[in-house]
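[1] Starting from these lines, generate the structure:
(one chain, ligands or ions: 1)
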Amino acid sequence: MAIACEQTAIERLIGYLGPQGTYSEEVALNIYRGEFGRFVPYNSICAAIQGVEGGEISECLVPIENSLEGSVNITMDTLAHEVDLAITREIVWSIRHSLLLKSGTKDVKTIISHPQALAQCRQYLSRQYPNAELKSVASTAEAVYLVASGVKGGAAIGSRRAGEIYSLTSVDDDIQDNPNNCTRFVALSRTPVNPGGQNCKTSLVCKIQGDRPGSLCDILQEFAARGVNLTRIESRPARAGLGMYIFFFDMEGSMEDDHVKTAVNAVKAKCQWFKNFGSYSVYNRLS
Ligand SMILES: O=C(O)C(=O)Cc1ccccc1
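    This is a model prediction of the structure:
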């Protein structure tokens, strides 16, 4: 699918979690509107990220955090351990799930979706369908496609738009456990953009010497001393043994801002291992 048609010397290819009808695609279609490039669907988040790392595509758009479920671990872990990429944009998007089925389905026996979507609708599912079997697949649109292809007694959780694409009927809209459900997506590229100005964030991941009292506090102090406002701290396994962690930090401001740059460099100097995902602009679309 092309955003606009123009021959450029090197084609800009933008990867996302497919197939057609995912939330990732919905966000990509909206934020790249008016820009040149072509979209490339991948069958997993990890494959889309690896596509950028391997040079198959120029960038990708992937979910990284949800307001109800927290981190999308596959994105965090792939970014930390498997690739060397920069975050080039952040988009916060409202996620509104529908329960979709083939018209005429009487008895819902199996409910299929992406694990994040099943988790975001946990209360609805246990209230309305306590006996249904829940089945995870790679994306919400894949779930919708499977139900449309004829899973007997099957229903899918996905967007209304996916329901329209695959000709399913929505029996319930806004079934997420909280009306303010939203997901943070990031665009990833091999080169950082590091824009200056308002509405920028900077992200990094690091491993600190964790067996010493106050070591995390020392790192936090570097941010606090320079007035850098942290917007998120997340720990994930370091994959080096139980009890060993890496820490992700998101902060307001850009590497173009002196106070951010000096804080980040001071943190880097104190870490055993460090990766800077660069600075990027932030866009919100909440409804
Ligand atoms: O499966 C999708 O549609 C995705 O894009 C992943 C996802 C799933 C649930 C909420 C947000 C993103």
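[2] So which residues on the protein come close to the ligand?
    Residues of the chain that fall close to the ligand, judged by C-beta under 6 Å from any ligand atom: 17, 22-24, 63, 95, 114, 116-117, 139-141, 183. (Glycine included, C-beta is placed from N, CA and C.)
[3] Show only the entries of these found in strands.
    Of these, the ones assigned to strands by DSSP state E are 17, 63, 183.
[4] wouldn't the second one be in contact with residue 183 here?
    Yes: counting by C-beta atoms under 8 Å, residue 183 is a contact partner of residue 63 at 5.0 Å.
[5] Looking at the two, which is more packed in?
    Of the pair residue 63 and residue 183, residue 63 is the one with more neighbours under other C-beta atoms under 10 Å, namely 25 against 22.
[6] mind giving me the domain ranges of this protein?
    Domain segmentation of the chain under automatic domain parsing yields 2-95+182-189, 98-173, 200-285.
[7] Need those in CSV (columns: mean pLDDT).
    Output for these, formatted as CSV (pLDDT from 0 to 100):
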stretch, mean pLDDT
domain 2-95+182-189, 93
domain 98-173, 96
domain 200-285, 95
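[8] Please enumerate the shared neighbours of residue 63 and residue 183.
    23, 116 (C-beta atoms under 8 Å, 6 or more residues apart in numbering).
[9] before we move on, the earlier item: narrow the residues of the chain next to the ligand to those that are buried.
    Neighbour-count burial (16 or more other C-beta atoms under 10 Å) applied to the residues of the chain next to the ligand gives 17, 22-24, 63, 95, 114, 116-117, 139-141, 183.
[10] Mind checking which of the residues of the chain next to the ligand are in helices?
    Counting by DSSP state H, the residues of the chain next to the ligand place 23-24, 116-117, 140-141 in helices.
[11] How many residues are close by the residue nearest to residue 136 when sequence neighbours are not counted?
    Leaving out its chain neighbours, the residue that sits closest to residue 136 by C-beta to C-beta, 6 or more residues apart in numbering is residue 115, at 4.5 Å. Counted with other C-beta under 10 Å, the neighbours of residue 115 add up to 15.
[12] does residue 115 really touch residue 138, like I thought?
    No: counting by C-beta under 8 Å, residue 115 stays clear of residue 138, with 9.5 Å between them.
[13] So what's the residue count around residue 123?
    Using other C-beta under 10 Å, residue 123 is surrounded by 12 other residues.
[14] Equivalent analysis for residue 150, please.
    So residue 150, with other C-beta under 10 Å, has 8 neighbours.
[15] Same question for residue 174.
    Close neighbours of residue 174, defined as other C-beta under 10 Å, add up to 12.
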